[in-house]
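Visitor: build me a model from this:
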Amino acid sequence: MHYSLIVDQIDREILHMLQADGTLTGAELGEAVGLAPTSAWRRVQKLQQQGVIERRVALLDPESLNLGVTALVEVRTGDHSAAWLDRFTSGIAEFPEIVAAWRTSGEVDYMLRAWTETTPPGPGPVNPGSPWPPPGPNSTWRSRCRS
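Guide: Coordinates of the predicted model:
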């Protein structure tokens, strides 16, 4: 069996540290794993080139943005057409409160994670009479909130 990617224990330690703080320097990483700063940074660059590290991002604190409620919204639909998916994708893109979306299997077709100031409406359609959510046979929405 051929492995095109070899990640050793030092790489794993570097990855673990970068997941906790993506701003660490080569010197800080090297000191923590027992390497020279240049060697540690070369490992980071290699991991980026191999696609192990996709990108570096800033994690936001929702409460400091006055978005203290995290809502998980379950979406069920009887329409799995490409046209419905296009409308759905376009629709959720217009809501900055929706910070993640997943296609799931089982009873729930999609799961959305949203940040909001207030608790969203309970079970039932969102904004009845509006074009959003996209119409579809047997489409239902349910939300669960945590503050």
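Visitor: so Pro92 belongs to a helix, correct?
Guide: One thing to correct before we go on: residue 92 is Ile, not Pro. Yes - if the criterion is DSSP: H, G, I helix; E, B strand; the rest coil, then Ile92 is within a helix.
Visitor: not counting residues beside it along the chain, what's closest to it?
Guide: Nearest non-adjacent residue to Ile92, counting by Cβ to Cβ, 6 or more residues apart in numbering: Ile98, 5.0 Å away. The way it works is simple: take the backbone N, C-alpha and C, and place the C-beta from them, glycine included.
Visitor: measure that neighbour to Trp84 for me?
Guide: 17 Å (Cβ to Cβ, to the nearest Å).
Visitor: for Gly78, same thing?
Guide: 9 Å.
Visitor: ok, those two, which is more surrounded?
Guide: For Gly78 versus Trp84, the count of surrounding residues by other Cβ atoms under 10 Å is larger for Trp84: 17 against 11.
Visitor: flag the shaky bits of the protein, pLDDT-wise.
Guide: For the chain, residues meeting the criterion pLDDT under 70 lie at 1-5, 118-147.
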